[in-house]
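Colleague: pasting the structure only:
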């Protein structure tokens, strides 16, 4: 079993890559959970037009920008990443919404 070191403890690229790979696995698990909420939203929403909610999208992106800044990260960079995540989530939810009502 490989011991995953914290970034400041890494001395080799093998250790760095092991840490990145572990984080990626954790992120996939979190994204699976997040998309589960999209499944729930598709089930709960009665109007397909409500799948895209621009006010909610703006709120999510603003929340991420604030969290990024608090973590010492670039808000604009994380906002761009989350914009893509939200767009993919909307697309996923629309597909699920349609599938539930066929």
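Modeller: Alright, I've got the coordinates. Nothing here was measured: the structure is a model prediction, and the numbers come from that model.
Colleague: Please make it C-alpha for all contacts and neighbour counts, starting now.
Modeller: Noted.
Colleague: Ramachandran coordinates for residue 47?
Modeller: Taking degrees, to the nearest 10, you get phi -120, psi 120 for the backbone angles of residue 47.
Colleague: Distance of it relative to residue 60?
Modeller: Going from residue 47 to residue 60 by C-alpha to C-alpha, to the nearest Å gives 21 Å.
Colleague: what about the two, which has more around it?
Modeller: residue 60 (15 against 9; other C-alpha atoms under 10 Å).
Colleague: Enumerate every residue touching the more buried one.
Modeller: With contact set as C-alpha atoms under 8 Å, 6 or more residues apart in numbering, residue 60 has no partners.
Colleague: Residue 2 is in what secondary structure piece?
Modeller: Element membership for residue 2, per DSSP states H and E: none, as it lies in no helix or strand.
Colleague: I'd like the distance between it and residue 11.
Modeller: 15 Å.
Colleague: Comparing those two, which shows the higher neighbour count?
Modeller: Between residue 2 and residue 11, counted using other C-alpha under 10 Å, residue 11 has the larger neighbour count: 10 against 7.
Colleague: what kind of secondary structure is the more buried one in?
Modeller: At residue 11 the chain is in coil, as set by DSSP: H, G, I helix; E, B strand; the rest coil.
Colleague: Show the contacting residues for it.
Modeller: Contact analysis of residue 11 by C-alpha under 8 Å, 6+ apart lists nothing.
Colleague: Would you list the phi and psi of it?
Modeller: For residue 11, the backbone dihedrals (degrees, to the nearest 10) come out as phi -120, psi -10.
Colleague: So for it, what pLDDT did the model give?
Modeller: Note on residue 11: pLDDT of 98.
Colleague: How about residue 44?
Modeller: Looking at residue 44, its pLDDT stands at 98.
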